[in-house]
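[1] return a 3D structure for these sequence lines:
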Amino acid sequence: MATAEIESGVCGFGATVKTQMDGSKVKIQIDSECQAIKDLAAELTEVDPFQEITFRGSGPRSLEMGVKHCYHTACPVPVGIIKAVEVEAGLALPKDAVIKLSK
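    A predicted model of the protein is given here:
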């Protein structure tokens, strides 16, 4: 099982994403206090990992669900979901991705 702990920033809502391979699909469980992410989680319960790592075809379902449910375009949760899926499917190594902002 791969897990992603995502801190979204100033909104104060984080998310925990847990992924588990199930045959050729990756099952996804998402916990968050954010209603938009809860709605996303209710609809995004499994994905094809190879669809998640490309913009070809219909593109990543995680990003599609982000467009449908997230209020803010810079929400890092959809990308965090993809990172957890990649790691669980053996398509990436488990290394933190970080965005540091300053002004």
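[2] all contacts plus neighbour counts: C-alpha atoms, from now on.
    Fine.
[3] which residues in this structure form helices?
    35-43, 49-52, 61-69, 77-88 (DSSP state H).
[4] tell me which residue is most central in this protein.
    The centroid of the chain falls nearest to residue 81 when counting by CA atoms, centre = their mean (1.5 Å).
[5] what's near enough to touch it?
    4, 17, 62 (CA atoms under 8 Å, 6 or more residues apart in numbering).
[6] show me what contacts the last one?
    So the one you mean is residue 62. 44, 52, 78-79, 81-82.
[7] now do the first one
    Shown in contact with residue 4 (CA under 8 Å, 6+ apart): 16-18, 80-81, 83-84.
[8] state the distance from it to residue 81.
    7 Å (CA to CA, to the nearest Å).
[9] repeat for residue 36
    From residue 36 to residue 81 the distance is 14 Å (CA to CA).
[10] and residue 44, by the same measure?
    Plainly put, residue 44 is 10 Å away from residue 81 if you go by CA to CA.
[11] do the same with residue 19
    9 Å.
[12] again, but for residue 10
    19 Å.
[13] try residue 60
    10 Å.
[14] now residue 70
    Distance from residue 70 to residue 81, by CA to CA: 13 Å.
[15] show the pLDDT at residue 74.
    pLDDT, residue 74: 93.
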